[in-house]
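> Just the structure for this:
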Amino acid sequence: MEKNDPLEMENRDPLGMDNDDSSNSLVVFIALWDEDYGPVIEEVFPEESPYDDIESMTTNLFMTFQTIFGEAVEVSFKKTSLTMPFKSENCVARIQLDVVPNEEVRAGLQPFIVVVLIPGDLDEQSLTTFDPILEKVANLYKETKSVHLQNYLLDIKNLFHLAQQVDDLDLSLEQGYDLEAAVADFKSGIELIQKKKYLVAYPLLKHALMKFELEKQDNFTMEASYMLGTLLVQLKKYVPAIKHFKNLASLAETKNVLKYKELFRFMLGLCYYKLNNYQIAYDYLAEIQIEDAKYVNKLQYYSIMTRTKMKLEKFQESIDDMKNFIEILSNLENNPTIDKQIAQTHYDLGFTIYNWKIREINDKQLKSIKEIKAEISPWLFESIDNFKIAAQIWEENVNYLQLLPTLEIIADIYHILEESKQELAILEQAFEKSGIIKSKTAQTKFKKRINSLTKKIELSTELSETPTKDDNDADQEVQLPTETISAQAITNNHHLQGSSAGSTTTSLSEQYSTEELIGTKDTIEEIEDEFTSIAINHLDKGKKAYEGKNYRRASIEFVNGLSILRRRKIPSKKEVELLEWLIKLNEETNEPDKVTYYSAQLEKVKQKLIS
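Residues are numbered from 1 along each chain as shown. This is a model prediction of the structure:
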């Protein structure tokens with residue numbers, strides 16, 4: 001292996017596989033709910049947390065318990081355990097809720113939580129093993145109000161490592177276990193995986209692999225290593241999965257097997273991403289030439305790669321990847337899963353653009369409104385466009401739990417841009433939707449902002465009638481956020497994506513009855529006009545890119561415009577125009593399959609227009 005080979009351990013993973021300790025991302029904390037001030041972090045360890053905003057996460061956790069227990073004064077919190085994933089932080093929280101006596105709060109009991117934040121997404125059974133420690137900490141806090149959390153972190157780390165392991169103690173090759181029996185076990189193991197019986201399949205595949213290695217059956221060894229690694233990923237055992245994929249890597253490189261050279265890189269990237277080792281994940285994923293890849297699913301690749309780049313603050317690369325991802329998704333047949341992916345990707349795209357540009361402004365230390373607007377207004381409006389697309393899709397799918405935090409973010413950006421009327425319209429929409437899911441907390445928050453903003457607009461109108469300021473006021477200093485806007489809203493949106501298939505984690509959407517979540521799906525004409533204008537904007541950008549022979553950018557703009565118009569209930573002439581441009585572009589770039597696809601779509605739209 002060459003000196004600079006990316007698989008070389010000292011270059012790729014200086015700690016070595018066995019020392020690849022994602023337990024450094026474990027955090028434990030205690031928080032008390034104060035009805036006047038919200039959550040109060042009583043203690044956290046380690047103090048230097050790898051997570052961006054524990055305060056917002058804590059608020060989110062208390063709101064979840066409030067949803068479960070209700071908001072009436074006579075209702076009190078009760079001792080409860082709960083699991084909640086935070087997708088934006090790539091971690092899962094295991095929480096113990098308890099109460100301490102306090103006559104000044106409802107029912108005389110004040111809630112507090114003990115939380116451990118765990119990297120990745122362990123299965124529910126593994127997560128419950130942390131409960132005895134959390135309960136011990138909760139009992140001590142109730143008695144003394146003073147807990148030294150560092151005394152418990154070692155036990156938590158040990159449980160985490162144990163959860164990542166698979167028991168191999170009883171696995172050994174029996175006398176007379178021949179190659180034919182190993183092949184039979186291998187086939188049986190694959191059948192069991194297809195039935196999702198992973199724990200039953202594991203010993204069969206492990207036995208088969210041991211025999212294949214002993215008999216130096218390299219092709220079988222590669223297949224078995226890949227299947228075992230994939231099985232362990234399904235069980236969320238990423239550390240042992242990495243061992244199998246690295247064994248696969250060695251053979252695939254030696255034998256020069258393209259299939260497994262692509263797959264081991266993707267699977268190692270996925271595992272390291274799940275373990276919060278984003279740089280290592282990026283290094284593996286970046287080696288895959290995705291446009292030419294034959295064995296890696298492009299949707300899965302872009303989904304992981306864009307998030308990895310976001311974590312590493314490679315904003316421009318992440319934005320480009322997300323736009324490519326949206327183009328791929330928009331060419332697929334619509335279904336609820338694709339809709340969800342499109343919405344989430346537009347949301348991530350809007351957030352990434354915002355986050356990137358706000359950080360740039362803070363770095364440049366621009367202070368005046370004039371300077372800031374000149375620098376980032378176009379980017380923030382593009383960010384808003386993407387958030388609106390996500391919001392529109394979630395509203396169409398009656399998914400208000402993801403719609404509300406997205407609307408709040410849009411309102412926050414309008415606030416930065418000093419577009420008060422647009423901000424007010426969005427807040428009123430959010431207030432209306434929060435009423436549908438009967439969330440008094442959300443209604444109170446939005447109503448407070450609406451009242452405050454209404455007074456500001458009225459005062460501004462009065463002042464504008466008697467101008468007293470000179471032109472220099474445009475250069476007054478403003479305070480930009482140093483962190484991302486509405487951290488709580490962003491956290492809400494990401495953690496509400498729910499856990500992976502098979503998990504018993506409680507999500508907010510499961511805590512409402514179907515009747516409470518079903519609301520009106522009426523489309524407001526003004527909103528439809530606004531989305532049409534966004535689509536036209538993409539159309540115009542696409543035309544300019546086409547004229548400049550930037551066909552890749554033109555294609556992305558046309559597809560984005562098309563995906564927006566398809567959210568409407570009726571076809572339009574602009575949809576026809578976009579399809580015609582896509583056909584023209586793909587004829588120019590010699591893409592006959594796409595020409596055929598878009599031509600068929602065009603005929604369907606024309607028929608709908610006629611009918």
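
> Helices along the stretch 301-450 of the chain, start to end?
Counting by DSSP state H, counting those that start in this stretch, the segments of the stretch 301-450 of the chain that form helices are 315-330, 336-364, 369-396, 400-416, 420-436, 440-465.

> Including mean neighbour count, could those helices go into CSV?
Using the backbone N, CA and C atoms, a C-beta is placed for each residue, glycine as well. Output for the helices of the stretch 301-450 of the chain, formatted as CSV (neighbours: other CB atoms under 10 Å):
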stretch, mean neighbour count
helix 315-330, 20
helix 336-364, 19
helix 369-396, 20
helix 400-416, 24
helix 420-436, 19
helix 440-465, 13
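
> Nearest to E253, out of those helices?
helix 315-330 (26.2 Å; CB to CB).

> what does the closest one rub up against?
Residues outside helix 315-330 that contact it (CB atoms under 8 Å, 6 or more residues apart in numbering) are 298-299, 302-303, 305-306, 309-310, 338, 341-342, 345-346, 348-349, 352-353, 355-356, 555-556, 559-560, 562-563, 566.

> quick revisit: dump the helices of the stretch 301-450 of the chain to CSV, plus distance to G542.
Shown next, in CSV, are the helices of the stretch 301-450 of the chain (distance: least, CB to CB, whole Å):
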stretch, distance to G542
helix 315-330, 12
helix 336-364, 17
helix 369-396, 14
helix 400-416, 24
helix 420-436, 25
helix 440-465, 36
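
> Give the helix, strand or coil label for the closest residue to L127 other than its chain neighbours.
Excluding the flanking residues, the one nearest L127 by CB to CB, 6 or more residues apart in numbering is R94, at 4.9 Å. For R94, the assignment made with DSSP: H, G, I helix; E, B strand; the rest coil gives strand.

> I'd guessed R94 sits against V115; true?
Yes: between R94 and V115 there is a contact under CB atoms under 8 Å: 7.2 Å.

> Overlap of the contact sets of the two?
The contact sets of R94 and V115 overlap at L134 (CB under 8 Å, 6+ apart).

> residue ranges with poor pLDDT in the stretch 501-611 of the chain?
501-531, 533, 563-564, 566-570 (pLDDT under 70).

> one more time with 80
Applying pLDDT under 80 to the stretch 501-611 of the chain flags the ranges 501-535, 537-538, 550, 552-553, 556-557, 559-571, 593, 597, 610-611.

> Which parts of it are helices?
514-517, 525-547, 551-565, 573-588, 592-610.

> in this structure, what residue sits furthest out from the centroid?
Most distant from the centre of the chain: G176, at 49.7 Å, with distances by CA atoms, centre = their mean.

> Of the helices of the stretch 301-450 of the chain, which is nearest E43?
helix 440-465 (25.7 Å).

> Give me the distance between the closest one and the centre of its chain.
32 Å (CA atoms, centre = their mean, to the nearest Å).

> report the angle between the axes of that helix and helix 400-416?
20 degrees (axes from the mean of the first three to the mean of the last three CA atoms, to 10 degrees).

> For helix 440-465, name the packing helices and strands.
Under the contact criterion of 3 or more CB pairs under 8 Å, 6 or more residues apart in numbering; DSSP states H and E, helix 440-465 touches helix 400-416, helix 420-436.

> Columns distance to V44 on top of these, output as TSV?
Shown next, in TSV, are those (distance: least, CB to CB, whole Å):
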stretch	distance to V44
helix 400-416	24
helix 420-436	30
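
> Please render the ones you listed as TSV that adds distance to L285 and mean pLDDT to the earlier fields.
Shown next, in TSV, are the helices and strands packed on helix 440-465 (distance: least, CB to CB, whole Å; pLDDT from 0 to 100):
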stretch	distance to L285	mean pLDDT
helix 400-416	27	87
helix 420-436	36	89
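
> In which helix or strand does the residue nearest to L205 when sequence neighbours are not counted reside?
Spatial nearest neighbour of L205, chain neighbours left out: G189 (3.9 Å); criterion: CB to CB, 6+ apart. For G189, the enclosing helix or strand under DSSP states H and E is helix 179-194.

> So what touches that helix?
Against helix 179-194 from outside (CB under 8 Å, 6+ apart): 198, 200-202, 204-205, 207-208, 211-212, 215, 217, 220, 223-224, 227, 230-231, 234.

> I'd like to know which of those are buried.
198, 201-202, 204-205, 207-208, 211-212, 217, 220, 223-224, 227, 230-231, 234 (16 or more other CB atoms under 10 Å).

> From those, which land in helices?
Applying DSSP state H to those, the entries found in helices are 198, 201-202, 204-205, 207-208, 211-212, 220, 223-224, 227, 230-231, 234.

> farthest pair in the residues you listed?
K211 and Q234 (23.0 Å).

> Name all residues that make contact with A138.
Contacts of A138 by CB under 8 Å, 6+ apart are Q96, D98, F112, V114.

> I'd like those as TSV, with distance to I409, pLDDT and neighbour count appended.
Shown next, in TSV, are those (distance: CB to CB, whole Å; pLDDT from 0 to 100; neighbours: other CB atoms under 10 Å):
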residue	distance to I409	pLDDT	neighbour count
Q96	31	91	24
D98	33	88	22
F112	29	90	22
V114	30	94	29
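
> Can you lay out the residues you listed as TSV showing distance to L82 and secondary structure?
Below are the contacts of A138 laid out as TSV (distance: CB to CB, whole Å; DSSP: H, G, I helix; E, B strand; the rest coil):
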residue	distance to L82	secondary structure
Q96	8	strand
D98	12	strand
F112	14	strand
V114	12	strand
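
> Could you dump these into a markdown table with distance to R265 added?
A markdown table is the format used below for the contacts of A138 (distance: CB to CB, whole Å):
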| residue | distance to R265 |
| --- | --- |
| Q96 | 40 |
| D98 | 46 |
| F112 | 45 |
| V114 | 39 |
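
> Tell me the pLDDT of V28.
For V28, the model assigns a pLDDT of 93.

> swap in the one 5 residues further on?
W33 carries a pLDDT score of 81 in this model.

> what's near enough to touch it?
Here W33 is in contact with P39, V40, F62, Q110, P111, F112 (criterion: CB under 8 Å, 6+ apart).

> I'd like to know which of those are part of strands.
Among these, the members falling in strands (DSSP state E) are P39, V40, Q110, P111, F112.

> buried subset of the residues you listed?
P39, Q110, P111, F112.

> Give me the below-cutoff pLDDT ranges for the stretch 251-400 of the chain.
333-334, 358-376.

> Is D385 in contact with I536, as I believe?
No: using CB under 8 Å, D385 makes no contact with I536, being 11.7 Å away.

> which one is P46 nearest to, not counting chain neighbours?
V27 (6.8 Å).
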